[in-house]
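Chemist: one predicted model, sequence on top.
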Amino acid sequence: MTTKLAAPMAAHIARRPGELVALTVRIPIHTLAAADILEVPVLVHELDANTTEVLIDGSTVGYIHFDGHHFVALSGPTLEAGVPCGAGDLWDQALGRLYEAHRR
C-alpha cells in the first residue's frame, strides 16, 4: 500500500532567508505488518529554492534537495557531508526516507 501525502513545496515553507518554520508532518512508516502513520514535529529551513534543511528535536538530521526530477533525502549534519538515503516524487516521501535513516 502506497500512501501519497501533499507536498509542502519550498515556496510554501519559508519566504525569508534564515527563517525556521515548524511543521507537523504525517510520515508513513512501513513495517512488515502494515504501514503506520506517525506525526512528526519538524523544523524546516529553506536554504535556497531547491534545498531544505530538516531539524528534528532541535538538531539537523539532513536535507531535502530537489534535483529537477525527484526530492532527494540527504542524511547528515551538514549539506556537504550529506549521504543520500532515498528519494521520492513528493517532498513528504523524501522526508519519510530521511526520518527512517535518522531512526536507525
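Modeler: Nice, I can see it. Numbering: from 1, shown residues only.

Chemist: just the mean pLDDT for stretch 54-68, thanks.
Modeler: Stretch 54-68 carries an average pLDDT of 93.

Chemist: what's next to that stretch, contact-wise?
Modeler: 10, 20, 40-45, 47, 50-53, 71-79, 82, 85, 91, 94-95, 98-99, 101-102 (CB atoms under 8 Å, 6 or more residues apart in numbering). In short, each C-beta sits where N, CA and C put it, glycine included.

Chemist: try stretch 97-104
Modeler: Outside of stretch 97-104, the residues that reach it under the criterion CB under 8 Å, 6+ apart are 27, 29, 38, 40, 54, 56, 61-62, 64, 73-75, 85-88.

Chemist: re earlier: buried ones among the contacts of stretch 54-68?
Modeler: The neighbour-count test (16 or more other CB atoms under 10 Å) marks 10, 40, 42-45, 47, 51-53, 71-76, 82, 85, 91, 94-95, 98-99, 101-102 as buried among the contacts of stretch 54-68.

Chemist: so which of the residues you listed are in helices?
Modeler: Secondary structure assignment (DSSP state H) places 10, 91, 94-95, 98-99, 101-102 from the buried ones among the contacts of stretch 54-68 within helices.
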